[in-house]
Structure formats: structure tokens, C-alpha cells
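> pasting the sequence and the predicted model now:
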Amino acid sequence: MDRFTQKIEDVFFPPIVKFKAEAAKRLDYSKPILNLNQAIPNYQPPVVIKEAIKNELDNPSFCFYTFDEGVPQLREAVSDSLNSTYETKVKPGNICVVPGANNAFFSILPVIASAGDEVIILTPFYFNHYMSLKIAGITPVEIVLDPENGFSLPYDKIISAVTEKTKALVFVNPSNPTGRSYSQVEVDTLYQICRKRKVYLISDEVYSCFHDSYPAPASVLNNPSFPDFSVCINSYSKTFSITGLRVGFIAASEDFIHHFTKVQDSNVVCVSTLSQAAALAGLKYGKEWLEEKIIFSREKKDKFLKYFRESGSTFFSIVSSGSFFVYLNFKDRSIKAPQLCYSMMETENLVTLPGEYFGSGQDYAIRLALGNLHEHEIAPAVEKLARIKV
């Protein structure tokens, strides 16, 4: 008898974990290392969040269970924040606080799909979405976006991909891994396609604060009928630089929240009180800090693009970019992305992530995560890329 299920055997190992291990074997730790592997903000959270966590430690119930859906004060604060940003009025009853966006996505799946069902996923995709679908026994149906067309949404292909087994379409905006920000018109068109066919639009908006149109980011939450056939996922990991605290939310219909809570209670029960206190403090008192970081991230991206253009690199081409990610293609077909990434670790002390983890047709692409790049490291990072000839 096999010890493990075939479906778990078929899921690839977490790419970030794998490449951290590879980096440990290949990097020269006596020299400066540039790590563009994982989307981690390289700055501390606002002081108000640190103070909120310290104060919460004096609460006698800080280590107790809390409400499955989140403490009422936080759900109300999330609702207020969304209503000041988007056109739709979202009630606290439309909110469930979750321990991070990945857990939210995993917990959404059993609410709307069963093993053997299909979910449409746009490639390049966020690899944890693909992994979750495979683990759940749900078939991911890839629609490969064209880099030459700026990863625009092929509506005809999406419509054609919908079958009687299709339960949802996954959409990440801004995109991880490409960084591409999609417009409100594109979001609305996707939603109407899904609504007409009674297919859920799972809209992952973790990077909404870093959308090109922020402070008015495109979102499914701008559509008054969004609760009918969509669920929005968001997280405060990047927003407030608290990736390790694992706190975010989903917004959906009250009926959806009711059934989702069954999964959350069976999975993690609730989000820690310390994490919820951090998110609440960020929403109440961290707006000015956040706006500064958004400007900082945009300026960092603009500098990277400027230096890259000036470098005259002929090996790489930038096909898409955003405040957190730059997506590169390369022309040399004698080597594929994993081997190239290993080579750059060994020759340049530069850590990136190969495109093969982002879906079909990505063998000659790499993702750069700018979040972990300090401003003084931008020029050296571009110089390292410009030296690659292979």
C-alpha cells in the first residue's frame, strides 16, 4: 500500500522553499547577495502595529479563541476601508477575517467545487493557486495569456473554456507573477462572463494597494452585484509589511460567508488575536505610512525599469512589470529558466524564480520580486542581469 496519495505526489514542491534550499548550496556568502526570489517588503511595519501587538499582550484573553469570522471591530474596520475605496457598499457581514490569502483560497474551494470539477486559471498563474487546486482534486484549466499582447485577457478563449464542470475562474489583479494591473473594464467584463454562466470569479487582490490606479484600484468590489458570483481575497501581508502574521479577509455574500465559516472552523478555527490587533491598528492609523510606501514602491520600480533600459541588455526583455514584480523573457533557447536561475546564483549571487512554476509556456521566463530589493541595490541588480550572456 502506498503511503501517500497520488495527487499529493503529483504536486510540485513549494518553489520558494526549493529555491531557498538551492540558494543555500550555490551562493557565495562572503559576497553581497541580491535576493529577488520572494515578495517580501524590505521595510518594517508601522510603529502603530508594533504598539498594538504589545498592548494586546496585556489583554488577559489575547491567547484565547476568538470569533471564527473575525473580531467585530476588525470586520467593521475592513468594511469601512473597503467602502471608502470602492463603489460597492460592503457590510461587516460580507467579511470573514482569514489567516492569509493562501489559506483563504484553499478554504474557498470546498465551498464551490468538488473533486473532479474544473477551475479556470490564467497563465502565468500564482503557483499556490495551482497547487491548491491539485491538492483538492480539482482540475485546473489553463488559459495561457500572450506576453506579446501584454497578457491581455482573451475573453473568447475564457468563454470557450467554460463547461458544465467549471465552477470558478481565478483572477489575480495586480498579477503575481507578472505585475500587470488590469483595468476596471477588464474586471467588469470578466465578472459578467462568470455571472452569466453561473461561475464564481475568485478575485485575488492581495496587491490592490500597489495597483497602477491606486488610490482607486480596479476591483470586483466596484461592481454592485459582486456578491452574486464572486469572492474577493485580500491580505495585509504586503499592505502593512506583516507577512509572518498571516491576516487578511475575504469579501462575499453573507450566504457564502456562512458556508465558508464551516471550512474555516474545521481548518484553523480563527485568526490569532495578535494578528487581528495588528490589522486593526494598520487600518485605523497606518494610512499615511501606507501611502508613503506605495510611492516608494512605485519609484523603486520606475528606477529599475529606467536602469534596465539604459543597460542595453539584449539577453532579457521585460514583458510586464508592477510595483512588486518584473516578468522577464529571454531569447536563448539553449537553456531553460531553472538552469539559468541556478547559473545566476553561482555567477552573480542573484536569486530569482524560474517561469516553469507559473504554468505552461513559461520555460523561458523568470520573475523578479522587487519588494525585497533596497534602493541602493537596484543598479547592481540591473548590472548583474545585463552581464548575462549564456
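Sure thing, it's come through.
> what comes into contact with stretch 123-135?
7-8, 10-12, 14-15, 102, 105-106, 109, 119, 121, 139-140, 142-145, 151, 170, 172, 175-178, 204, 327, 355, 357-362, 365 (Cβ atoms under 8 Å, 6 or more residues apart in numbering). Every C-beta, even on glycine, is put in place using the N, C-alpha and C of the backbone.
> any quick ChimeraX command for the buried ones out of those?
To isolate the buried ones among the contacts of stretch 123-135 in ChimeraX, judged by 16 or more other Cβ atoms under 10 Å, type:
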select :15,102,105,106,109,119,121,139,140,142,143,144,145,151,170,172,175,176,177,178,204,327,355,357,358,359,361,362,365
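> which ones among the contacts of stretch 123-135 lie within helices?
7, 8, 15, 102, 105, 106, 109 (DSSP state H).
> and which of these is nearest to residue 188?
Using Cβ to Cβ, residue 105 is the member of the ones in helices among the contacts of stretch 123-135 that sits closest to residue 188, with 22.2 Å.
> so that closest one sits right up against residue 204, yeah?
Yes: applying Cβ atoms under 8 Å, one finds residue 105 in contact with residue 204, separated by 7.0 Å.
> need the residues touching each of the two.
129, 233.
> low-confidence ranges in the stretch 201-350 of the chain?
Residue ranges of the stretch 201-350 of the chain with pLDDT under 70: none are present.
> domain assignment for this protein?
What automatic domain parsing lists as the domains of the chain is 6-44+289-386, 47-286.
> centre of the chain versus the shortest one, how much separation?
This points to domain 6-44+289-386. 16 Å (Cα atoms, centre = their mean, to the nearest Å).
> doesn't residue 80 fall inside a helix?
Yes: according to DSSP: H, G, I helix; E, B strand; the rest coil, residue 80 belongs to a helix.
> who are the contact partners of it?
Residue 80 neighbours (Cβ under 8 Å, 6+ apart): residue 283.
> if I look at it, how far off is residue 90?
9 Å (Cβ to Cβ, to the nearest Å).
> can you map out the helices along the stretch 201-350 of the chain?
226-229, 254-267, 273-285, 287-311, 337-348 (DSSP state H, counting those that start in this stretch).
> can you map out the strands along this protein?
Using DSSP state E, the strands of the chain run over residues 34-35, 95-98, 118-123, 139-144, 166-172, 200-204, 230-235, 248-251, 316-321, 325-330, 350-351, 353-354, 365-369.
> can I get the CA coordinates of the fourth one in PDB?
This means strand 139-144. C-alpha atoms of strand 139-144 as PDB (Å, rounded to 0.1, in the frame of the first residue of the first chain):
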ATOM      1  CA  THR A 139      -8.800  20.200 -12.400                       C
ATOM      2  CA  PRO A 140      -7.000  23.400 -13.300                       C
ATOM      3  CA  VAL A 141      -7.800  24.500 -16.800                       C
ATOM      4  CA  GLU A 142      -5.100  26.800 -18.000                       C
ATOM      5  CA  ILE A 143      -5.600  29.600 -20.400                       C
ATOM      6  CA  VAL A 144      -2.200  30.900 -21.500                       C
END
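> now it: mean pLDDT?
Strand 139-144 shows an average pLDDT of 98 in the prediction.
> just want the angle from it to strand 118-123.
30 degrees (axes from the mean of the first three to the mean of the last three Cα atoms, to 10 degrees).
> same for strand 139-144, what does it pack against?
Based on contacts counted as 3 or more Cβ pairs under 8 Å, 6 or more residues apart in numbering; DSSP states H and E, the elements that strand 139-144 packs against are strand 118-123, helix 127-135, helix 155-161.
> rerun that using 10 Å as the cut-off
Under the contact criterion of 3 or more Cβ pairs under 10 Å, 6 or more residues apart in numbering; DSSP states H and E, strand 139-144 touches strand 118-123, helix 127-135, helix 155-161, strand 166-172.
> of the ones you listed, which is nearest residue 243?
helix 127-135 (13.7 Å).
> now tabulate the helices and strands packed on strand 139-144 in JSON lines and tack on distance to residue 381 and mean pLDDT.
Output for the helices and strands packed on strand 139-144, formatted as JSON lines (distance: least, Cβ to Cβ, whole Å; pLDDT from 0 to 100):
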{"stretch": "strand 118-123", "distance to residue 381": "26", "mean pLDDT": "98"}
{"stretch": "helix 127-135", "distance to residue 381": "23", "mean pLDDT": "98"}
{"stretch": "helix 155-161", "distance to residue 381": "35", "mean pLDDT": "98"}
{"stretch": "strand 166-172", "distance to residue 381": "24", "mean pLDDT": "98"}
